[in-house]
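>>> Okay, predicted coordinates and the sequence, questions at the end:
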Amino acid sequence: MSFTLHTQESAPAASKELLDESLKSWGMIPNLHAVMAESPNVLKAYKLLHDLFQDTSFNNEELTVVWQTINVENKCSYCVPAHTGIAKMMNVDDAIIDALREGRELPDSKLQVLHETTLALLRDRGRPDKETLAAFYQAGYENCQLLEIVLGISQKVMSNYINHLADTPLDKAFEAFT
């Protein structure tokens, strides 16, 4: 398949403003956004989901755990390095970033439970077993965070699947994190 990396000039009219926002926020138009610009509603939905997920009750480490758990599980060659760079910008500890990327246990037991619950929701199509849920609640999480993981999955399914379809090239800003 061949997808266009849209610029502000080549994008459909309804995507131009969205790409302008990306440029202002990121200092560039991420290639993922450039691909999504083909469908203005897709780009708009993705950006909205991203903003909503960042505005959840999760802190930066927890956001990273959910994002990277999904990215690694879905083997997204674009999102794993991109979210490594993003995690570093968010001052997430390298030990957490590396453990997620390498499939090792996380250095914090609460984050490990979040990782395992995210994996269970993803792998079991929203039907985690009772033990996983019990550990999640025992770690101090509540139903609100369970629903917020689903929001994160929604966002990452969009980006992971679109990157698989488009074979989105990695942005230069994230090349160091491959």
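Sure, I can see it. Numbering: from 1, shown residues only.
>>> Centroid-nearest residue for the chain?
In the chain, the centroid-proximal residue (C-alpha atoms, centre = their mean) is Trp67; its distance is 3.9 Å.
>>> what are the phi and psi values for that one?
Trp67 adopts backbone torsions of phi -60, psi -50, taken as degrees, to the nearest 10.
>>> What of the one 10 residues further on?
The phi and psi values for Ser77, taken as degrees, to the nearest 10, are phi -70, psi -10.
>>> Spit out the contact partners of it.
Ser77 is in contact with 163, 170, 178, counting by C-beta atoms under 8 Å, 6 or more residues apart in numbering. The C-beta positions use only the backbone N, C-alpha and C, and glycine is treated the same way.
>>> Can you report how many residues lie near the nearest residue to Leu43 once chain neighbours are set aside?
Nearest non-adjacent residue to Leu43, counting by C-beta to C-beta, 6 or more residues apart in numbering: Met36, 4.0 Å away. Neighbours of Met36 under the rule other C-beta atoms under 10 Å: 30.
>>> go on, His50?
Using other C-beta under 10 Å: His50 sits among 17 other residues.
>>> Please report how far it lies from Ala173.
His50 is 17 Å from Ala173, where distance means C-beta to C-beta, to the nearest Å.
>>> what does Phe53 give?
According to C-beta to C-beta, Phe53 and Ala173 sit 21 Å apart.
>>> more neighbours, the two?
A count of neighbours by other C-beta under 10 Å puts Phe53 above the other of Phe53 and Ala173, at 20 against 16.
>>> ok, that one - contacts?
63, 66, 148, 151-152, 155.
>>> Ser57 too?
By C-beta under 8 Å, 6+ apart, the neighbours of Ser57 are 144-145, 148.
>>> Show me just the buried residues among those.
145, 148 (16 or more other C-beta atoms under 10 Å).
>>> From the contacts of Ser57, pick the one nearest Leu114.
Proximity of the contacts of Ser57 to Leu114 (C-beta to C-beta) peaks at Gln145, which lies at 7.9 Å.
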